[in-house]
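> Need coordinates for the below:
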Amino acid sequence: MSVYCNSKRRLLASVIAASMLATAVTPTLVWAQSADATLRGKGPADAEVTVKNVDTGSVRQGRTGKDGSYAIVGLRPGTYQVDAGPGTQKTVTLTVASTATLNLEAAPAAQNLGAVTVNATTLTEVTTSEVGASVSQRQIATIPQITRNFLEFADTVPGMVFTVQSNGNASLQAGGQSPGAINVYIDGVGQKNYVLASGLAGQNNTQGNPFPQLAIGEYKVITSNYKAEYAQISSAAVTAETKSGTNEFHGEVFGNYTNDSLRAETPAEQANGDKIASHNKEYGFAIGGPIVQDKAHFFFTYEGKEFNTPVSVIPGGPVGLADQLPASAKAQLGSASQPFNEDLYFGKIDWEPTANDRIEASAKYRDESAISGIGIANAASWAYDTINTDKRYDIRWDHSTDSWFNRLQANYEDAFYTATALNKGNGYVYTAGPNNNNDQILAVGAASPLATQNKGQKGPALQDDFTFNDLQWHGDHVVKMGVSAKWVKLTAQDSGEFNPQFFYDVTPDGTLPIPYKVQFPSPAPGLNPEVSTTSRQFGAYIQDDWTVDEHLTLNLGLRWDLEQTPSYLNYVTPANVVAAFGMQDPAAPAGQTYAQTLAKGGVNVNDYISTGNNRSAPKGNFQPRLGFSYDLNGDQAHVFHAGIGRSFDRNLYQILQLEQTKSVLSQPVINFPSALHPCVASPSCVPWDPALLNGLGGLQALVAGTTAGKEVDMITNHLKTPFADQFSLGMRNSFGEWNTDATVQRINSHDGLVFQLGNRFPNGAFWGNCNNGPNSCSQPWGNGIPGFGSMIIANNGLQTRTTQVLLSAEKPYTPDSHWSATIAYTYTDAKQNNDSQDMTDTYAFDEATIGQYPFIGSAVSRHRLVSTGTLDGPWGLLFAAKLTLATPIASVNLACYGADTPNGCVPMTFVPPGSHFLIGGKVFGYRDIDFQMTKNFRIYDGLNAYLRFDLLNAFNWNNYSDYATNFGSSGVLNSRPVTYNPIGNILGVPRTVKLTVGLRF
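Predicted structure coming up:
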């Protein structure tokens, strides 16, 4: 016995030491968390534990130790028969990405496990420091939903917000951060978008679904303090397991439909008296079954989507100025529609050649097209056509023994987002004038060349996970470690060569007759506007889940990540730009170079000039993940949990590539002197000539052979990786059939990359020309790099600070009770050091440095409640409902009202007044009750049909998403500067009936 224990202790020490060394010296990757479950507990000493999947027949075996402890890892979520000898047999269901405890005490009489009809007990994970919850297959199949995006159910977990915009675009966010801070893992592979800020590849500006819902078994949402397996993330993690075929053939065919006759009018349609024709069609099928009984299975699914979504074109900027637009522009306000189509395929084959080996191969293909860009301040004529594709291939090999488990996984991804302006010609952008921060009121004509993009990622990845599940030292340890590497080619084209944009001032007296500036594309001869690089990503981690005793469990982890992006690291600042910094500043006294002007303003040009060898990738991205849970009575009924950790995300390529694309296909600005926008004659300030409206050639001739007006983007040489620090403290309780959790979590994110204006006045000031008082000052936009346009510099510095109270209660469904319920409440206090409503915005031009921005409230509801329920009714009926209530989302803006500041503006957060919910005050910004009823029909043995009705937004509440602003004037802030726009867009849908028919076998 002593020899056995000592050898295990030495082995554990060796494993931890070796793994820590590997973590410190091995290049690391984007490591992906598997969705597998772990089963652990106590049983007879030195006994064989057999775990058999009742659906597939696959068998895993392990062995208890001298003290009876056992752990079996790498189990797919599902129902298992567990046997450690006579009288110990039990049937249990394991949930996704969980560690479940099952003690196998001998019973006086053995349960008959030969039939798969034995009801299984679902084991709930409670002894973990992770904060989150699982979404079950029953929830996915029954809870009402707007669209078949499986992530829509994530908002049943406290801390999560799933949003469907008025144009049908969907997003998922958490922790007071942008959607880009999330990572989703499907079958252990991260779906991160490395180029765009959508979080998931393929989810940028789309109504589409990231994965076929028929292929998702169940998934887990972790809002903070995830284990060391998770990478490239700073808010929430979602880990999902796809379905596999079983020993029986099963399939499903479905189709759902709704159109304008089955929905209420939107507020804009009511105002215009014109209901836009629309329709939503979703359809698909799935089939799976055996190839060889107990050995090999297949699964295949397809889902399609055809949408034509109504959307409102409403003006931006201050209230009232839209009335002064030209008649041709004003006529484009009102209702419009956005068509969308998607095809989504997924296939999977599994094979178990031996009792210790499992091989899985899968593939996904996604193809969609849409008309986009219509809505706030953008007319339908200004739209663009988008094509979105996502192809993924994955193969993995699992090998298990009694004491260890290994997974080797290889995958390849190819995901691209392309967009092209729908019309060609001139674009006309009407703005509110310098006294209102030049806020855009409406853009018409042809879309900006910046709307034309080609951005994507493709390349292979390789990863390996190794788990020891039979280690004892002062308790039981499950030690998991992994390394991975990815070589992914990142591509970005940031603009097209067409569609100049002319900007016009709109005043209370009308629209001025001539534009005050034009922005247009100007290519560098012989250079390609599309850039690409091969990002090398490496990662390593070690995680020890240590059960000290029946009360205390420790979750101890450490990971390290490194990403090398050659196009940033090896970039060389063009010689003519470097030379320009040493030139005389035309606006400064003789002898003062532009670099000296910048130095007076605190900008050191050497921090941004790249020689090709003075940049390095951050190598210190170590991330401790530490947590514990304490079971008060050792019966999993009352468990305290807490955790603290750090997690690094990544810098998006759409930011890093701008140094190159801005110089290859620049967007020079030519100013035209006017009363509201005076400028001094120069290559970038010329008198207005109507002939400039006649095509791109005349505009490009203004800058031919020169770099006048061409913006220069420069990124710091000291680039950091964005990260978040997380802390949580909570308690889980079980009261009868109800499981509850009450948690407080704090998430602070740091080092987000942000672009700011680098220009300075000759005296180094960021504000100048304050002749008419402090609130009349201007910024040095006209004092750019000699011979060029403005200098735009990027530094790390965006931050968020979020405190949340998360309360949840769940009554799981059981066949005996016939019902289930969930309640999720979130209180959020979120702040950010930027004045943009858009959390993905990476530009901040209203202060000299990001450090000068105050922390103000973020665009997050303070209170949010989501509750669901399901009920088995008589006559084959099934009922479900979902209630969502949230206080208004704050408007985050730069309030310009003549305040006592250099420009008369102040970054502020305003909460618009809300609406009633049945009783009480006007406190809610989002109110929604959805119902679902399904009637099941038995057609023949094993063949069933169903008819489903979804009633969405049953009370037709208008959940407004657009704001009407009137900040005030003459230094006086209005008492209610922001309200909801009553004829603007809404979140979700108006009252809608959706019909679904289907067959299952």
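> C-alpha only now, for contacts and for neighbours.
Will do.
> who does residue 290 bridge with?
The partner list for residue 290 in beta bridges (DSSP bridges) reads residue 297.
> Surely it touches residue 299?
No: using C-alpha atoms under 8 Å, residue 290 is not in contact with residue 299; the gap is 9.0 Å.
> Overlap in contacts, the two.
Residues touching both residue 290 and residue 299 (C-alpha atoms under 8 Å, 6 or more residues apart in numbering) are residue 245.
> So these two - more neighbours on which side?
Neighbour totals were compared for residue 290 and residue 299, and residue 299 leads with 24 against 21 (other C-alpha atoms under 10 Å).
> now that one, nearest residue through space, not along the chain?
Spatial nearest neighbour of residue 299, excluding adjacent residues (C-alpha to C-alpha, 6 or more residues apart in numbering): residue 288 at 4.1 Å.
> That neighbour and residue 243, how far apart?
Residue 288 sits 9 Å away from residue 243, taking C-alpha to C-alpha, to the nearest Å as the criterion.
> next one: residue 443
From residue 443 to residue 243 the distance is 46 Å (C-alpha to C-alpha).
> list the contacts for residue 922?
Counting by C-alpha under 8 Å, 6+ apart, residue 922 makes contact with 913, 914, 915, 916.
> And for residue 923?
Contact analysis of residue 923 by C-alpha under 8 Å, 6+ apart lists 887, 888, 913, 914, 915, 916.
> quick one: it is in a helix?
No: applying DSSP: H, G, I helix; E, B strand; the rest coil, one finds residue 923 to be strand, outside a helix.
> how much space between it and residue 530?
Using C-alpha to C-alpha, we find residue 923 at a distance of 48 Å from residue 530.
> Excluding chain neighbours, what is closest to residue 543?
In space, and not counting its chain neighbours, residue 543 is closest to residue 557: 4.2 Å by C-alpha to C-alpha, 6+ apart.
> after the least confident helix or strand in the chain by mean pLDDT, next one along is what?
Here the helix or strand of the chain ranked lowest by mean pLDDT, DSSP states H and E is helix 2-25, holding a mean of 40. Once helix 2-25 ends, the next helix or strand along the chain (criterion: DSSP states H and E) is strand 37-42.
> Which neighbouring elements make contact with that following strand?
Judged by 3 or more C-alpha pairs under 8 Å, 6 or more residues apart in numbering; DSSP states H and E, the packing partners of strand 37-42 are strand 69-75, strand 99-101.
> Buried deepest among those, which one?
Highest mean neighbour count among those (mean count of other C-alpha atoms under 10 Å): strand 69-75, with a mean of 26.
> May I have the strands that pair with that one, each with its orientation?
Strand 69-75 has these strand partners (DSSP bridges): strand 37-42 (antiparallel).
> Count the residues that sit near the residue nearest to residue 543.
Neighbours around residue 557, by other C-alpha under 10 Å: 24.
> same thing with the one 10 residues further on?
A total of 20 residues lie near residue 567 under the criterion other C-alpha under 10 Å.
> surely residue 43 meets residue 69?
Yes: in this structure residue 43 lies within contact range of residue 69 using C-alpha under 8 Å: 6.3 Å.
> Can you say which of the helices and strands packed on strand 37-42 is nearest to residue 362?
With respect to residue 362, and counting by C-alpha to C-alpha, the nearest of the helices and strands packed on strand 37-42 is strand 69-75 at 18.0 Å.
> Tell me which helix or strand comes right after that closest one.
Toward the C-terminal end, the helix or strand that comes next after strand 69-75 (DSSP H and E) is strand 78-83.
> Strand partners (parallel or antiparallel) of that next one?
strand 48-53 (antiparallel), strand 90-94 (antiparallel).
> who touches that strand?
So strand 78-83 is contacted by 49-55, 88-95, 104, 113, 120 (C-alpha under 8 Å, 6+ apart).
> Can you flag the buried ones in these?
Listed as buried from these are 49-55, 88-95, 104, 120; burial here means 16 or more other C-alpha atoms under 10 Å.
> so how far is stretch 621-629 from its chain's centroid?
In terms of C-alpha atoms, centre = their mean, to the nearest Å, the centre of stretch 621-629 is set 23 Å apart from its chain centre.
> do stretch 291-306 as well
Taking C-alpha atoms, centre = their mean, one finds the center of stretch 291-306 at 28 Å from the center of the full chain.
> Over to stretch 497-506?
Relative to the centre of its chain, stretch 497-506 is centred 32 Å away, using C-alpha atoms, centre = their mean.
> For it, C-alpha coordinates in CSV please.
The C-alpha coordinates for stretch 497-506 follow below in CSV (Å, rounded to 0.1, in the frame of the first residue of the first chain):
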residue,chain,number,x,y,z
GLU,A,497,-12.0,51.7,-55.6
PHE,A,498,-15.3,53.5,-56.3
ASN,A,499,-18.1,55.5,-54.7
PRO,A,500,-16.7,58.8,-53.5
GLN,A,501,-18.6,60.2,-50.5
PHE,A,502,-19.6,63.9,-50.4
PHE,A,503,-20.5,65.4,-47.1
TYR,A,504,-23.0,68.2,-46.6
ASP,A,505,-24.0,70.3,-43.6
VAL,A,506,-27.6,70.3,-42.5
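> pLDDT of that stretch, averaged?
Regarding stretch 497-506, the rounded mean pLDDT is 95.
> Show residues contacting it.
Identification of contacts with stretch 497-506 by C-alpha under 8 Å, 6+ apart yields 321, 324-325, 424-433, 446-449, 511-523, 665, 696.
> Show me which of those residues are buried.
Buried subset of the contacts of stretch 497-506 (neighbour count, 16+ other C-alpha under 10 Å): 321, 324-325, 424-433, 446-449, 511-512, 514-523, 665, 696.
> in the stretch 201-350 of the chain, which spans are strands?
216-224, 237-242, 250-259, 279-292, 296-313, 334-354 (DSSP state E, counting those that start in this stretch).
> now those strands in TSV, with distance to residue 183?
Below are the strands of the stretch 201-350 of the chain laid out as TSV (distance: least, C-alpha to C-alpha, whole Å):
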stretch	distance to residue 183
strand 216-224	10
strand 237-242	5
strand 250-259	29
strand 279-292	26
strand 296-313	23
strand 334-354	20
